[in-house]
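> got a sequence here, can you model it:
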Amino acid sequence: MGEKITISGRITNENGVLMVFSKIHEKLGFPTLVSPDVRGFDISSIRYRKKEVTVEFEYLSSNFILHQHHLSLDPNKDYVVVCWADDCGLKTLLKKDFGIELFEVIQLSEYAECIDEAVGTEEQVEPIYAILSYNPKDSGGLDFSNWAFSHCFRINSPPGHPKFSNDHLPPGSRILFSHKSYIIGGFTVVRYEVIEKPATAREWKLYKTLTDYPCSLFTVEIDEYQREFYRGHIFYSDFFVSTIRVKMSDVGITKKMPQGGKLNITKEEYLRIIGR
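Okay, the predicted model is just below:
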């Protein structure tokens with residue numbers, strides 16, 4: 001649809017999704033707007049690409065399941081979920097776990113760009129650069145390259161000793177991974193979520209549903225999550241695997257990896273490592 005529209009500030013909730021949708025609905029394939037419904041789905045009937053569909057707006061696509069909308073679907077209707085970020089691969093997830101076919105999921109972040117003008121807040125908005133230690137034993141014995149087929153990476157971030165300062169990892173941060181002193185790849189942070197350990201059987205079931213493949217790399221049984229629960233969840237894009245073996249010391253990174261498995265680096269060091 002051409003260049004992205006520019007939004008001042010950050011989209012952080014469903015109201016922001018509605019605002020962006022109202023600006024670009026025609027380009028998305030909705031020729032007209034209709035008033036939202038008071039009950040049920042947000043829009044029970046609207047024309048979309050020569051078809052009548054039902055629309056639900058969510059900030060994150062995973063909220064569609066969290067709000068239990070999948071339990072209220074009419075098999076005779078076509079449903080479109082409009083969200084800011086499709087954080088769980090909703091269409092695939094619903095078909096795999098519930099046998100439900102969605103007509104479409106529209107991710108508005110593909111059509112709009114946010115310019116963050118937050119000034120004077122305590123929350124860090126500048127991206128950070130860091131190297132995390134990757135141990136295949138902690139990832140089901142999987143080689144790092146397997147994470148190209150996912151978009152959520154869980155990390156251990158205890159409440160008293162968070163992996164990142166103030167349990168916050170700004171969008172756009174660049175994360176590299178090392179194994180045996182070699183850089184093996186990395187990705188760009190889309191969002192970082194800290195999720196506290198579920199307390200009830202229902203919360204555990206919901207957590208498993210939202211983090212199973214393809215959101216996370218593999219399906220883990222609830223008892224495995226309970227034995228070793230990781231609070232940190234990095235949603236990422238721009239995944240890459242190093243095509244050549246890059247030893248950290250060869251690019252000037254002489255600092256040893258701390259016990260926590262995270263080493264902060266500068267932007268210049270990051271660019272030097274990836275060869276730019």
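> my guess is residue 11 meets residue 20, correct?
Yes - look at residue 11 against residue 20 with Cβ atoms under 8 Å: they come within range, at 6.7 Å. For the C-beta atoms, the positions are set from N, CA and C on the backbone; glycine is no exception.
> what is in contact with the two at once?
Here residue 11 and residue 20 have 84, 108, 112 as joint contacts, going by Cβ atoms under 8 Å, 6 or more residues apart in numbering.
> using PyMOL, define a selection of the buried residues within the residues you listed.
In PyMOL, this line selects whichever of those come out buried by 16 or more other Cβ atoms under 10 Å:
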select buried, resi 84+108+112
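> doesn't residue 223 fall inside a helix?
Yes - under DSSP: H, G, I helix; E, B strand; the rest coil, residue 223 falls within a helix.
> angles on the backbone of residue 198, please.
phi -60, psi 150 (degrees, to the nearest 10).
> er, residue 152 actually
The phi/psi pair for residue 152 (degrees, to the nearest 10) reads phi -140, psi 130.
> repeat for residue 139
Taking degrees, to the nearest 10, you get phi -130, psi 40 for the backbone angles of residue 139.
> where does it land on pLDDT?
On the pLDDT scale, residue 139 is placed at 76.
> now intersect the shared contacts of residue 11 and residue 20 with the strands, please.
84, 112 (DSSP state E).
> reformat the shared contacts of residue 11 and residue 20 as TSV; add pLDDT and distance to residue 233.
Below are the shared contacts of residue 11 and residue 20 laid out as TSV (pLDDT from 0 to 100; distance: Cβ to Cβ, whole Å):
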residue	pLDDT	distance to residue 233
84	91	17
108	94	21
112	90	24
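> name the nearest of the shared contacts of residue 11 and residue 20 relative to residue 68.
Set against residue 68, the nearest of those by Cβ to Cβ is residue 84 (20.0 Å).
> verify the contact between that closest one and residue 59 for me.
Yes - if you go by Cβ under 8 Å, residue 84 and residue 59 touch, sitting 5.3 Å apart.
> what do those two both touch?
11, 16-17.
> and these, which of them are buried?
11, 16-17.
> from those, which ones fall inside helices?
Those of these mapping onto helices are 16-17, per DSSP state H.
> quick check, nearest of the buried ones among the shared contacts of residue 84 and residue 59 to residue 158?
residue 11 (30.3 Å).
> relative to residue 111, how far out is the closest residue to the closest one other than its chain neighbours?
Residue nearest to residue 11 in three dimensions, not counting chain neighbours: residue 84, with 5.0 Å by Cβ to Cβ, 6 or more residues apart in numbering. Distance, residue 84 to residue 111, using Cβ to Cβ, to the nearest Å: 10 Å.
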